Structure formats: C-alpha cells, structure tokens
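attaching a predicted model along with its sequence, questions to come.
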Amino acid sequence: MCPVCPEDEALLYSLYGASRQEELDAWGWRPQEREAFLGMQYRLQQQSYRSQYPESDHWIIVHEEQRVGQVRIDRSGDDLRLVDLSLLPAWRGRGIGTQLLRELQMEAGAAGRSILLSVVEGSPAGRLYERLGFETVGQPSVYRQMRWKPYMGHVVK
C-alpha cells in the first residue's frame with residue numbers, strides 16, 4: 001500500500017463510480033446525468049470523510065505492482081473504524097480485501113480493539129465481513145453497522 005496523493009484522484013473517482021454502478025444502471029440515466037450525479041456525490045463523500053475522520057489514514061491498495069483499490073481507516077477512537085474499502089471490479093474476488101481485513105484484525109486484536117464499519121444492506125461485501133467474524137450491531141437500514149471484536153484465544157488466519 002502507499003499513501004493517497006493528488007495524482008490518485010482519477011483512480012479514487014473510478015473506484016467510487018464502480019461502487020455505484022449497479023445502482024446507476026437501475027436508474028437508467030443518460031451518461032451526462034450519471035456523470036453529474038457521480039461527480040457531485042463523490043465530492044460530498046470526500047468532504048464528509050475529511051470532516052468526520054480528519055485523522056484517518058487513506059491508502060492506495062497496490063497488488064502485482066498495480067493500483068487496484070483504496071482503503072481509509074480511522075484509528076483515532078477506542079475502536080478502529082474501517083471508513084471505506086473498495087477495489088476495481090477486475091480485482092474483486094481475488095482475496096485482496098480478505099487479506100487486508102485479516103491484517104486489520106490482527107492489528108486490532110493485538111491492541112485489544114474492535115473494528116467498526118458500515119456496509120450497504122444487501123452488498124456482497126456484507127457476506128465477506130460476516131465470514132470474517134463481523135456481527136451486525138443495531139437495526140439495519142440502508143446501511144448495516146457491523147463490529148468485529150477480538151476475544152481471548154482468537155487467532156486470525
């Protein structure tokens with residue numbers, strides 16, 4: 001991984017667009033409508049992340065010498081917060097996200113900290129989080145809040 005830099009803006013925008021692809025396809029918008037919507041939503045998301053998680057670490061995920069995704073993690077609270085994790089569609093399902101999450105679990109477990117995240121209800125990512133021991137907390141709505149807790153003797157493999 002490497003820290004996000006200004007040259008990564010196009011990749012970050014592509015990742016955001018890919019994360020909204022299914023939703024936009026369902027709406028049937030023309031290309032210029034899609035682009036206007038995505039641009040506005042992307043800018044709002046980035047502003048929100050910067051204001052809500054000013055101390056978060058934002059990294060580009062590099063795999064096989066290619067920039068394939070991004071992750072934003074906030075370590076400033078009692079728990080770790082996985083703010084955002086996304087991979088380009090061609091790199092999904094290859095274990096990259098699983099490996100990153102397991103490394104985060106090892107970090108959190110060593111410090112006796114939980115990991116919190118939000119995932120869109122019905123997203124395939126929710127199944128990955130469940131498989132890795134995350135549990136739903138609170139009542140699901142559009143977003144499902146999930147938590148992973150370390151416990152005595154737990155070893156992340």
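Sure thing, it's come through. Residues are numbered from 1 along each chain as shown.

would you agree residue 97 is in contact with residue 82?
No - using Cβ atoms under 8 Å, residue 97 is not in contact with residue 82, being 10.5 Å away. C-beta: built from backbone N, CA, C; applies to glycine.

same drill for the two, tell me which one is more crowded.
More neighbours surround residue 82 than the other of residue 97 and residue 82, with 24 against 21 (other Cβ atoms under 10 Å).

make sure I have this right: that one is in a strand.
Yes - according to DSSP: H, G, I helix; E, B strand; the rest coil, residue 82 belongs to a strand.

if I pick it, what's in contact with it?
71-73, 101, 104, 115-117 (Cβ atoms under 8 Å, 6 or more residues apart in numbering).

same check on residue 100?
61, 71, 85.

quick check: of these, which lies closest to residue 121?
Proximity of the contacts of residue 100 to residue 121, judged by Cβ to Cβ, is greatest for residue 85, which lies at 16.6 Å.

picking that back up, pipe the contacts of residue 82 into CSV and attach pLDDT and secondary structure per row.
CSV is the format used below for those (pLDDT from 0 to 100; DSSP: H, G, I helix; E, B strand; the rest coil):
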residue, pLDDT, secondary structure
71, 98, strand
72, 97, strand
73, 98, strand
101, 96, helix
104, 97, helix
115, 97, strand
116, 97, strand
117, 97, strand
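
tell me the one among these nearest to residue 65.
residue 71 (17.8 Å).
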